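Asker: With the sequence up front, the predicted model follows.
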There are 2 protein chains.
Amino acid sequence: MNQDYIQADPWSIIEEGFDREQVKSSESLFSIGNGAMGQRANFEEQYSGETFQGSYIAGVYYPDKTRVGWWKNGYPEYFAKVLNAPNWIGVDIIINDEALDLNTCKKVEHFRRELHMKEGWYKRSFVATLPNDVEVAVEVVRFLSLDLDETGAIQYNVQLLNSDAEVVVVPYLDGGIKNMDSNWADKFWNITDIASYGNRAFVASHTMKTDFAVCTFMQGELYVDGDTLDMEPAVEETGTSVRHAYKVDLSKDETLTLVKFGGYTVDRNHPKDKLQEAANKVLEKASALGFDDLLQKQKDAWAKIWEMSDINIEGDVKAQQGIRFNIFQLNQTYLGKDSRLNIGPKGFTGEKYGGSTYWDTEAYCLPFYMATKNQEVAWNLLQYRYNHLQKAIENAEKLGFSNGAALYPMVTMNGEECHNEWEITFEEIHRNGAIAFAIYNYHRFTGDYDYIPKMGLEVLIGIARFWHQRVNFSEEKQQYVMLGVTGPNEYENNVNNNWYTNYLAKWCIDYTIEQISKVRESYPKDHERIMAKTKLAPAEIEDWAKVSGNMYFPYSEKHQVFLQQDGFLDKRMVKVQDLDRSERPINQKWSWDRILRSPYIKQADVLQGFYFFEDHFSQEELERHFDFYEPFTVHESSLSPCVHSIQAAKLGRMEQAYTFYLRTSRLDLDDYNKEVEEGLHITSMAGTWMSIVEGFGGMRVLDGTLHFEPRIPKQWKSYSFKVNFRHQIITVTVSADGCSFGITGKGPLTIQVHGKSVQLIPGKTVQA
Amino acid sequence: MNQDYIQADPWSIIEEGFDREQVKSSESLFSIGNGAMGQRANFEEQYSGETFQGSYIAGVYYPDKTRVGWWKNGYPEYFAKVLNAPNWIGVDIIINDEALDLNTCKKVEHFRRELHMKEGWYKRSFVATLPNDVEVAVEVVRFLSLDLDETGAIQYNVQLLNSDAEVVVVPYLDGGIKNMDSNWADKFWNITDIASYGNRAFVASHTMKTDFAVCTFMQGELYVDGDTLDMEPAVEETGTSVRHAYKVDLSKDETLTLVKFGGYTVDRNHPKDKLQEAANKVLEKASALGFDDLLQKQKDAWAKIWEMSDINIEGDVKAQQGIRFNIFQLNQTYLGKDSRLNIGPKGFTGEKYGGSTYWDTEAYCLPFYMATKNQEVAWNLLQYRYNHLQKAIENAEKLGFSNGAALYPMVTMNGEECHNEWEITFEEIHRNGAIAFAIYNYHRFTGDYDYIPKMGLEVLIGIARFWHQRVNFSEEKQQYVMLGVTGPNEYENNVNNNWYTNYLAKWCIDYTIEQISKVRESYPKDHERIMAKTKLAPAEIEDWAKVSGNMYFPYSEKHQVFLQQDGFLDKRMVKVQDLDRSERPINQKWSWDRILRSPYIKQADVLQGFYFFEDHFSQEELERHFDFYEPFTVHESSLSPCVHSIQAAKLGRMEQAYTFYLRTSRLDLDDYNKEVEEGLHITSMAGTWMSIVEGFGGMRVLDGTLHFEPRIPKQWKSYSFKVNFRHQIITVTVSADGCSFGITGKGPLTIQVHGKSVQLIPGKTVQA
């Protein structure tokens, strides 16, 4: 944890001073993205020190052959890798024949990075003395355009401080890149063509195996002290790269500026043979606007995003910075325009975990996008899974299921499972439940039932079929049991009767049966179509009901709690607080053997069920389960603190809720797990948002009505947030003295605050 | 299964007819070995068809970097690979500029292989028509000398059948070889020197990482129709190979013979810088004897082995061939001369599984070697584990154990764990118990207590300490439980309270406490030394006793059986016989997910405990457990049928016992699992021997007395075997009419036959 490395600031992430040891971490923290592409904060100019290069394109991946110790039947053949794409940001600076390289400079002073979250741009500046004693001041501004989401823009300024010099500026494209994370050192890209026309260049390439075609492009414009420099570059080509060298004799104090536009056109959006043409069109648009106007549009676009999604915290700048960083990164990763894309656990900031879609999307991200975007965004997230239904059915078939049972993958890019540990892939099946829950949650929040007859019911039927086949009747217990699963607590594998999974399974079946009835009554044509397509007969539904009506749930009479799984109480029940500090984090200090046998819980498991289904349990039951499980929880998953923060808040334990909140909101900024250099924890950032809105704000939707139970940590003066509830924007402001509500939109809305009805009227602020 | 491919013969393995599809399988089945090295039955001459080249040197391995999907703390860094060594057998034959290659010949007739088990040699012969229409008759005899165990000998005869021709015979050495089984395509060997003097050549090499130095050597002698041909070869060297070309103008009907001696000298037996010198000495000895005399010595040496270890079956040639093949292969793999070597699961016949030592050695191989060799051989097998005690302690420390607790590895070459699946490496800990049981078994059979005070007690203390730390007290059950293990049934992983493991653990602690007392009383100096070394205090022993006195064993009152593990009865209990045939073998037809959740048992688990500790249970209890578990057992491990055969025989179910016997004895010959091309199942071959001696013969040692309960399958006329019991050789002959016993050695011995005392006197045969 490094509390002082990033400066506290309400709207910006700021680093001052050049520290080689922090370069990779900063490359993650200062990452930029626009939903369609992303870029780690790699230096444009040459850097010979330790770095982790990453340029990523949404939806472009590589199926890396699975790496396992011992093959097991049913394993997926590949692990989808987030793919480092050809480099478009490169700008080499050569001064009097010496390359500018911060790793070799005699001095680097006034080094500063700023990620301006409010306006969506990243700036880096420094003064450096090269080995040849030339002193330069450099300032670089970079952003990935939200308006023209196939392009980024770089304004690279070099000023000579102590002498005249010959400066060669070399914007380039490079397809000869490597992935940090590769199983077999495969070649991921094939470069098929390199072209250069005037100040533009293009690298045509496609990914191996998946054959995604990508055109990487750039355009350079030079200025001296703001005046256009009209010159043709010298072109250098290798088999994988193209470089444009501009040689300028620059005087002391003069500033040479390169404006570089660059990015990717991909065959998801254009015909394969029109990618260069599309790239030219993007460049036309970008250069017609110019750097400044494109940046202004960027600021306007981010202003719109913040207008809806900002959370303002008064009195606690670190908490403020944390939540904005989380909201900013989520918006950089996914904007919900395209139902073929999803939210990778590291977004566009790293490669670990592979794939783009985990249950994180449904369990954590959906609530954020539902409340801060228009409804189509959440619909697109749901539709993503509908699009993958057939693959989920095939995935289940590979494991021996039949009759249309669907098992959604643990990790996926295109609907196919691509993870490679049996204890996760085959057993962490609760993900199926989260996907069903998201359908319920969407309807609960938006009031829009349309998704269910159109798409959702088919998904639900596949999932219900899976659960029905996955359980078996135990003669011993005379109940249905579910053997061999891994719950959300991945510090246990292959357990029997994980309460959370059993509970979800039962709920999925009941909910599906209920939706079949509703669709039959209200959407008879859809019902007919779906029954014909799924060949679902009443007898099968009756069989499902037998299972859901007689499911086994492990329970301790002594502790009056549901047990995480069979045999949980056989463990050596030493609480986390009684472990020596030196033993933690256990995932770094202990062998896997020891972890598995321990009672320690990586992230909410039974309590995840209490979060999803809180209205099924009393406050007392929640308290009993929280008091039983939290003391054994090590929160070594980024998804853990947020759920606990929400529940602690609900139990009125604000100090504990606040501690959990800080941990979730500043996980990456303070690098709690000493791993931020690998990339950011994007999906858990939505959990941070939930901690405030659902935790402190106590927002719930019950029977179509918005409820709030606002509380405030004593460290804060006030906080406020907005939610888009059924096409109306509700503003909530909470301070120690009370809370107030505003609304925009068509008309009055009645909400519940601390159990009392409050009517909101557009244009009025109501105290409650 | 291919019942007709290998001809039934009591003493030989014979294949007739050339079938490209069978080449790799035959390469396994016709493998030769001499305990120090081994050779798959690869052709000497060029072969462009599908082949699996394998030349192996005992104790020479490569630590291949572990390949896992997701690293877990405590994983071993490498997987020790059995290493394909430089090829010494190669002999290219070029006739009129055309290479002899059975894959490209116009015709191959009279192709025949014979592995002569009685005399320990392998012969291959054929008549082939080359693409250039030259017709040749070839006969090759090959063996690995038991007397000079660093060398093999090849007699390669070529006769021209239809014309004169120029024949170039090229014996060669080749270090440019590959391994079938490599995780990362690493280079395994570094060739450091190549030398050629007259008709001898040498390739000096060492293994990468492990730095085992090996000198591969050869010598060639040529004859025409038996007359020495005195000529110098043309020498061809590449960076990794050396070839000696002898060009001979051969007339029609003349036979050209190459006698090639070759093999390896290794730095386990010689100083690193004297390997070529040692190789020269071996060649001196071999050529002084010549091919024929060395072969005669081979026959004599095998006669001695058979004299002691043969099992003769009358009336069932397939059963006879099966058991001899098993005994032959065991003797080819391990002869017990060197306590640094052990018995790999595939011996010198393939590479799968890696490592050389599994619990197979103690549980299956030890009884065979105890009864068919001098006592030192078994001692050496025990000492191997004593030599590795420190590594076993370190292995346990890596997993979080302390205070000298020892966990022997699941797979090893040098004492370090080298397997790479957590569910095996960390959890299949019953292997520790088998190692302790072997100490008990050695004392029981040989009557020699010396090993325990000298070495065994330290091993037992390390193992007892492990079990003591591995269990935990369950507040819920008020007993000690063992969580997160994998039993012998590897179709279950990470189970709680596997009965077999719990029972072994308890037994190990009790046995260790007993031996500490015995050593204290009878070997006080050893006791003092061991207590000082292990720092074992009486209080610690008392703690152990608390565990062993209050261990939890899952039990079903309803079925009156111990349960394989907690929750076993929650499974869907469909018997194997009620599974559709098309579903089996389940390890090929089912996903791992489905297997884990099923009740199907890969190999004896509870019944393995009943085998080890049969005198702890009544015949009724055995019957009840056999009837409960066998119907769920799929016997998909080569180690399964033998234990079941022994128990079926004990229960008097001879038909079932015979079926299991055939399955174990002809597993490879009949290729039950369609995988013999990967190599033979060496360690389970000892189980075949046990099936006859302990199963049909009913041999046991109780209170120092040899007991027999002979039975005979109705398919057999008679069978006989010998056992070396405490330096006397007992011969047992069993027929339907009764049984008879003989003895050689110092004096009379009283044994028990069907519960009655029988006195054996040297020189007399006693009917009983």
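Answerer: Ah, there it is. Residues are numbered from 1 along each chain as shown, chains lettered A, B, ... in the order given.
Asker: C-alpha from now on. contacts and neighbour counts both.
Answerer: Fine.
Asker: where's A:Met438 relative to chain B, distance?
Answerer: Slight slip there: residue A:438 is Ala, not Met. Per C-alpha to the nearest C-alpha, to the nearest Å, A:Ala438 is found 26 Å from chain B.
Asker: ok so that residue is a helix residue?
Answerer: Yes - read with DSSP: H, G, I helix; E, B strand; the rest coil, A:Ala438 is one of the residues of a helix.
Asker: Give the burial count for the nearest residue to it once chain neighbours are set aside, as a bare number.
Answerer: Excluding its sequence neighbours, the residue lying closest to A:Ala438 (C-alpha to C-alpha, 6 or more residues apart in numbering or on different chains) is A:Glu362, at 5.4 Å. Neighbour count of A:Glu362, defined by other C-alpha atoms under 10 Å in any protein chain shown: 24.
Asker: Backbone torsions only: list them for A:Glu362.
Answerer: For A:Glu362, the backbone dihedrals (degrees, to the nearest 10) come out as phi -80, psi -40.
Asker: thought it was touching A:Tyr442?
Answerer: No - with contact defined as C-alpha atoms under 8 Å, A:Glu362 does not reach A:Tyr442; the gap is 9.9 Å.
Asker: Overlap of the contact sets of these two?
Answerer: Residues touching both A:Glu362 and A:Tyr442 (C-alpha atoms under 8 Å, 6 or more residues apart in numbering or on different chains): none.
Asker: Check the separation of the first and last residues in stretch A:550-569.
Answerer: 23 Å (C-alpha to C-alpha, to the nearest Å).
Asker: thinking again about what came up before, which residues does the residue nearest to A:Ala438 contact?
Answerer: Contacts of A:Glu362 by C-alpha under 8 Å, 6+ apart are A:434-435, A:437-438.
Asker: Any of those buried? List them.
Answerer: Among those, those classed as buried by 16 or more other C-alpha atoms under 10 Å in any protein chain shown are A:434-435, A:437-438.
Asker: what's the closest of those residues to A:Glu677?
Answerer: Of all the buried ones among the contacts of A:Glu362, A:Glu677 sits closest to A:Ala434, with 29.7 Å by C-alpha to C-alpha.
Asker: Spell out which helix or strand contains that closest one, please.
Answerer: Per DSSP states H and E: A:Ala434 is located in helix A:430-446.
Asker: how close does the residue nearest to A:Tyr658 when sequence neighbours are not counted sit to A:Glu623?
Answerer: Spatial nearest neighbour of A:Tyr658, excluding adjacent residues (C-alpha to C-alpha, 6+ apart): A:Pro713 at 6.2 Å. According to C-alpha to C-alpha, A:Pro713 and A:Glu623 sit 20 Å apart.
Asker: For the two, work out which one has more neighbours and name it.
Answerer: Neighbour tally, A:Pro713 and A:Glu623, criterion other C-alpha under 10 Å: the higher count belongs to A:Pro713, 20 against 14.
Asker: any idea which element that one lies in?
Answerer: Assigned by DSSP H and E, A:Pro713 belongs to no helix or strand.
Asker: ok, it to A:Phe18 distance?
Answerer: 36 Å.
Asker: for A:Glu45, same thing?
Answerer: Applying C-alpha to C-alpha to A:Glu45 and A:Phe18 gives a distance of 15 Å.
Asker: Contact partners for the residue in the stretch 351-500 of chain A that chain B sits nearest to?
Answerer: The minimum distance from the stretch 351-500 of chain A to chain B, using C-alpha to the nearest C-alpha, falls at A:Ser474 (4.6 Å). A:Ser474 sits next to A:480-481, B:569-572 when contact means C-alpha under 8 Å, 6+ apart.
Asker: same question, A:Lys373
Answerer: Here A:Lys373 is in contact with A:308-309, A:724 (C-alpha under 8 Å, 6+ apart).
Asker: Closest to A:Leu382 out of those residues?
Answerer: Of all the contacts of A:Lys373, A:Leu382 sits closest to A:Asn724, with 17.9 Å by C-alpha to C-alpha.
Asker: Would you mind giving the secondary structure of that closest one?
Answerer: Applying three-state DSSP: A:Asn724 is strand.
Asker: From A:Asn87, how far off is A:Gly263?
Answerer: 9 Å.
Asker: let me fix that: A:Ser241
Answerer: From A:Ser241 to A:Asn87 the distance is 9 Å (C-alpha to C-alpha).
Asker: Are there residues contacting both of the two? Which ones?
Answerer: By C-alpha under 8 Å, 6+ apart, A:Ser241 and A:Asn87 have these common neighbours: A:173-175.
Asker: Closest one to A:Lys589 out of the buried ones among the contacts of A:Glu362, please.
Answerer: For the buried ones among the contacts of A:Glu362, the nearest to A:Lys589 is A:Ala434 (31.2 Å; C-alpha to C-alpha).
Asker: Tell me who's in contact with that closest one.
Answerer: Counting by C-alpha under 8 Å, 6+ apart, A:Ala434 touches A:359, A:362-363.
Asker: what do you get for A:Gln329?
Answerer: The contact partners of A:Gln329, by C-alpha under 8 Å, 6+ apart, come to A:33, A:682, A:685.
Asker: Go through those and flag which are in helices.
Answerer: Among these, the residues falling in helices (DSSP state H) are A:682, A:685.
Asker: And the contacts of A:Gln329, which is closest to chain B?
Answerer: Using C-alpha to the nearest C-alpha, A:Ile682 is the member of the contacts of A:Gln329 that sits closest to chain B, with 20.5 Å.
Asker: Give the next helix or strand downstream of the longest helix along chain A.
Answerer: Using DSSP H to define each element, chain A has its longest helix at helix A:275-309. Toward the C-terminus, helix A:275-309 is succeeded by strand A:311-314 as the next helix or strand (DSSP H and E).
Asker: For that following strand, C-alpha coordinates in PDB please.
Answerer: What follows is strand A:311-314, C-alpha atoms only, in PDB (Å, rounded to 0.1, in the frame of the first residue of the first chain):
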ATOM      1  CA  ILE A 311     -20.900  11.300  -6.700                       C
ATOM      2  CA  ASN A 312     -19.900  14.400  -4.800                       C
ATOM      3  CA  ILE A 313     -18.400  14.000  -1.300                       C
ATOM      4  CA  GLU A 314     -17.700  17.000   0.900                       C
END
